[in-house]
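Trainee: Generate a structure from the sequence data that follows.
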Amino acid sequence: MCIGNCKLSNLLALSVTAIFLLFFCGCGGTGSTPAPAIPDPLSGANINLIFVVSGDLDYQAPGDISATTANLTSQGLQRSLLMAPFLQDDVLGGNNVTGIYALEPMTHQQTTHGYPDMAATETIEQFALLNQITLSTNTTGGDFYTGNNYPIYVSYALGSIPSGVAEPSFPCPNCQGLDFNDLGGDNETLVTGIIDADLPGYYVFSAPWETTSALLENINTFERFHLALPSGYQGPNYIYAISIPPSGSARLTTYNSNVNPPNTYPVLPPPALVSASCTVNVPPSIPVTVGSGGAVLPAGINTNETLYFVRHAVAHPQDDWSDNGYVGAGQWRALDLPNALLGKISPNQVWSGDISQFTQGTTTASGEDLWSGIAPALTVEPYAIANNLPYNLVSSFELSDPNWAQLISNFFFTGGRFSNQKVLVGWSYQQIQPTVQALVSSYYPNTTSPLTAPTWLDTDYDSLWTLTLDAHGNLTADFTQCEGINSGALPPTAPQF
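Mentor: Numbering: from 1, shown residues only. Now for the predicted structure:
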């Protein structure tokens, strides 16, 4: 029986209940439950195998991968930028990474056009730039400097070269990445080698779900870990870490970043980039007209082609320092490239060299000096993403071939592949001028070319060279344009998102 003011008593009771639910249930009036707590960061005393799941056409968050290019969309790029600090801080606890391994792009060609899978490398690039590596600043192995990046390994294992891809003249076991086809069990060989080396640290792997899930299952079986693995694809926000302590059993920790990226192209945070004037090249241009000055039409020359050459972003923070990737300052330029080139170029496709090819850089204290060559390709990757353009890699010959200048010139300017096309090419600056010179010289087969392309300065990250072949195969090479970004004013660390 109710005694006194029943309505008032009931209202008070309901109010107390509501307050209890709000503060103690975390409901906030929505009926939802609080998100699970993020697990503690991994211990550096363990061997930590950390698996980041990149997107592909079959497994992705809706909107992360372009159906036409099989590359990241602006949304997918945003996710990679937001995932990086979560991986660095919440999974690694702010500690420096020990190794980064990504999918070899040519092992996973998608769509009927066979586009290489660049998503895995771009997915982990921002994270790589939040870490550091110490290398010599000269070719003799001295004067060490710590740069703002960590190398990403994406090179082929011996015996697992995709069809149509040039076989390296010698192996680079330390550069090996992940093979989508896992030929000969090369992925398991890579990971078991890390486990057997018994060096504690943080080893990060970036690959699509097909590769990641198979590798998790096989390592779990081979090492007899008896871990309860995820039963299926959970999405790109999930990170899986197998931790192997010095003694005791391995354990699996699952992290969920819960990032929710926008579908627009990333906007760089402050500070605003400083503009720069273009390098004054001599000569500013080279015109070659067939039938004039001894020039003859090269065999198989393309027609109606425009090719834009840009150099990779900042990769040498001091002297010759190099791990074949660009450093933190370079990420500002790479991400701003779509803005910097707006109105200056109009390509319908983007190309670079196969990032699984490796070359010598400078050395670590332990003598390691061979690195996968990712800098040029990742420099132009954001432009391809922002404009949803097809992205391809030159992989049919070694870029270290003794005849590389002629091979590159022939690839891009003969055979008809690029006739009636406009192509943006990201390349190593050491090879751009000799390639252009090889093209110019092809018009003078019986004599020395009277025309010489200018030198591309080693301090110049900004120039934009435009080569045009008209309907008759006549050549115009223009060296007057640039991106307009002041390299010296770029912050030394990567932008934070």
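
Trainee: So, low pLDDT: which residues of the stretch 1-150 of the chain?
Mentor: Confidence mapping of the stretch 1-150 of the chain against pLDDT under 70 gives the ranges 1-35.

Trainee: mind redoing it with 90?
Mentor: Applying pLDDT under 90 to the predicted model, the residue ranges of the stretch 1-150 of the chain that meet it are 1-37, 139-142.

Trainee: Could you pull out the helices in it for me?
Mentor: Secondary structure of the stretch 1-150 of the chain (DSSP state H, counting those that start in this stretch): helices at 6-24, 74-85, 119-129.

Trainee: can you state the direction angle for the last one and helix 74-85?
Mentor: Between the direction of helix 119-129 and that of helix 74-85, the angle (axes from the mean of the first three to the mean of the last three CA atoms, to 10 degrees) works out to 40 degrees.

Trainee: name the helices or strands packed onto helix 119-129?
Mentor: For helix 119-129, the helices and strands in contact under the criterion 3 or more CB pairs under 8 Å, 6 or more residues apart in numbering; DSSP states H and E are strand 47-54, helix 74-85, strand 99-102, strand 201-208, helix 328-340, helix 375-386. No exception for glycine: its C-beta is placed from N, CA and C like everyone else's.

Trainee: hmm, try it at 7 Å
Mentor: On a contact count with 3 or more CB pairs under 7 Å, 6 or more residues apart in numbering; DSSP states H and E, helix 119-129 meets strand 47-54, helix 74-85, strand 99-102, strand 201-208, helix 375-386.

Trainee: now the second one
Mentor: With contacts defined as 3+ CB pairs under 7 Å, 6+ apart, helix 74-85 has these neighbours: helix 119-129, helix 375-386.

Trainee: Would you format those helices as a markdown table with distance to residue 153 and mean neighbour count included?
Mentor: Conversion of the helices and strands packed on helix 74-85 to a markdown table gives the following (distance: least, CB to CB, whole Å; neighbours: other CB atoms under 10 Å):
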| stretch | distance to residue 153 | mean neighbour count |
| --- | --- | --- |
| helix 119-129 | 10 | 28 |
| helix 375-386 | 14 | 26 |
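
Trainee: would you list these in TSV and tack on distance to residue 318?
Mentor: Converted to TSV, these look like this (distance: least, CB to CB, whole Å):
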stretch	distance to residue 318
helix 119-129	17
helix 375-386	16
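
Trainee: Looking at the ones you listed, which is nearest to residue 156?
Mentor: helix 119-129 (14.2 Å; CB to CB).

Trainee: okay, the angle between that closest one and helix 328-340?
Mentor: With the same axes, to 10 degrees as the criterion, the two stretches helix 119-129 and helix 328-340 enclose an angle of 130 degrees.

Trainee: How is this protein divided into domains?
Mentor: 47-256, 285-489 (automatic domain parsing).

Trainee: now the strands for the stretch 301-450 of the chain?
Mentor: All strands of the stretch 301-450 of the chain, identified by DSSP state E, counting those that start in this stretch, fall at 305-311, 349-353, 358-360, 370-372, 391-394, 422-427.

Trainee: Output those strands in CSV, with distance to residue 76 and mean neighbour count appended to each entry.
Mentor: As requested, these are arranged in CSV below (distance: least, CB to CB, whole Å; neighbours: other CB under 10 Å):
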stretch, distance to residue 76, mean neighbour count
strand 305-311, 23, 24
strand 349-353, 16, 23
strand 358-360, 26, 19
strand 370-372, 22, 25
strand 391-394, 13, 21
strand 422-427, 19, 23
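
Trainee: of all those strands, which lies closest to residue 463?
Mentor: Nearest to residue 463 among the strands of the stretch 301-450 of the chain is strand 305-311 (6.8 Å), distances taken as CB to CB.

Trainee: Export the helices and strands packed on helix 119-129 to JSON lines and append columns for distance to residue 109.
Mentor: Shown next, in JSON lines, are the helices and strands packed on helix 119-129 (distance: least, CB to CB, whole Å):
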{"stretch": "strand 47-54", "distance to residue 109": "15"}
{"stretch": "helix 74-85", "distance to residue 109": "18"}
{"stretch": "strand 99-102", "distance to residue 109": "16"}
{"stretch": "strand 201-208", "distance to residue 109": "13"}
{"stretch": "helix 375-386", "distance to residue 109": "15"}
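
Trainee: Out of these, flag the one nearest residue 362.
Mentor: In terms of CB to CB, the element of these nearest to residue 362 is helix 375-386, at 13.8 Å.

Trainee: Could I get the contacting residues of the residue nearest to residue 60 when sequence neighbours are not counted?
Mentor: With CB to CB, 6 or more residues apart in numbering as the criterion, residue 60 has its nearest non-adjacent residue at 6.8 Å, and that residue is residue 236. Taking CB atoms under 7 Å, 6 or more residues apart in numbering as the contact definition, residue 236 lies against 53, 55, 60-61, 64, 79.

Trainee: which residues touch residue 98?
Mentor: Residue 98 sits next to 201-203 when contact means CB under 7 Å, 6+ apart.

Trainee: same question, residue 70
Mentor: Applying CB under 7 Å, 6+ apart to residue 70 gives the contacts 56-57, 110-111, 115, 117.

Trainee: Let's see that with 10 Å instead.
Mentor: Residue 70 makes contact with 55-57, 108-111, 113-119, 390-391 under the criterion CB atoms under 10 Å, 6 or more residues apart in numbering.

Trainee: Same check on residue 437?
Mentor: Residue 437 makes contact with 286, 405, 409, 449, 451-454, 477, according to CB under 10 Å, 6+ apart.

Trainee: What of residue 231?
Mentor: Under the criterion of CB under 10 Å, 6+ apart, the neighbours of residue 231 are residue 213.

Trainee: any chance of the strands of the stretch 301-450 of the chain in TSV, plus mean pLDDT and distance to residue 487?
Mentor: Listed next are these as TSV, based on pLDDT from 0 to 100; distance: least, CB to CB, whole Å:
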stretch	mean pLDDT	distance to residue 487
strand 305-311	98	10
strand 349-353	98	20
strand 358-360	96	22
strand 370-372	97	21
strand 391-394	98	24
strand 422-427	98	16
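
Trainee: which stretch among the helices and strands packed on helix 74-85 comes nearest residue 178?
Mentor: It's helix 119-129; of the helices and strands packed on helix 74-85, that one is closest to residue 178 (CB to CB) at 7.6 Å.

Trainee: hey, C-alpha coordinates of the closest one in CSV?
Mentor: What follows is helix 119-129 as a C-alpha-only set of coordinates in CSV (Å, rounded to 0.1, in the frame of the first residue of the first chain):
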residue,chain,number,x,y,z
ALA,A,119,47.8,-1.3,-50.0
ALA,A,120,49.8,-3.4,-47.5
THR,A,121,52.9,-1.2,-47.7
GLU,A,122,51.0,2.0,-47.6
THR,A,123,49.0,0.7,-44.7
ILE,A,124,52.2,0.4,-42.6
GLU,A,125,54.1,3.4,-44.0
GLN,A,126,52.9,6.0,-41.5
PHE,A,127,53.8,3.6,-38.6
ALA,A,128,57.3,3.1,-40.0
LEU,A,129,57.8,6.8,-40.0
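
Trainee: Just give me how far that helix sits from the chain centre.
Mentor: Its chain's average C-alpha position is 5 Å from that of helix 119-129, according to CA atoms, centre = their mean, to the nearest Å.

Trainee: That one vs strand 201-208, what angle?
Mentor: With the same axes, to 10 degrees applied, the angle from helix 119-129 to strand 201-208 works out at 150 degrees.

Trainee: who's the residue nearest to residue 324 when sequence neighbours are not counted bridged to?
Mentor: Beyond its immediate neighbours in the sequence, the residue positioned closest to residue 324 (CB to CB, 6+ apart) is residue 371, lying 3.9 Å away. On DSSP bridges, the residues paired with residue 371 through beta bridges are residue 359.

Trainee: Would you mind confirming that residue 371 is in contact with residue 321?
Mentor: No. Checked against CB atoms under 10 Å, the pair residue 371 and residue 321 is beyond contact range at 11.6 Å.
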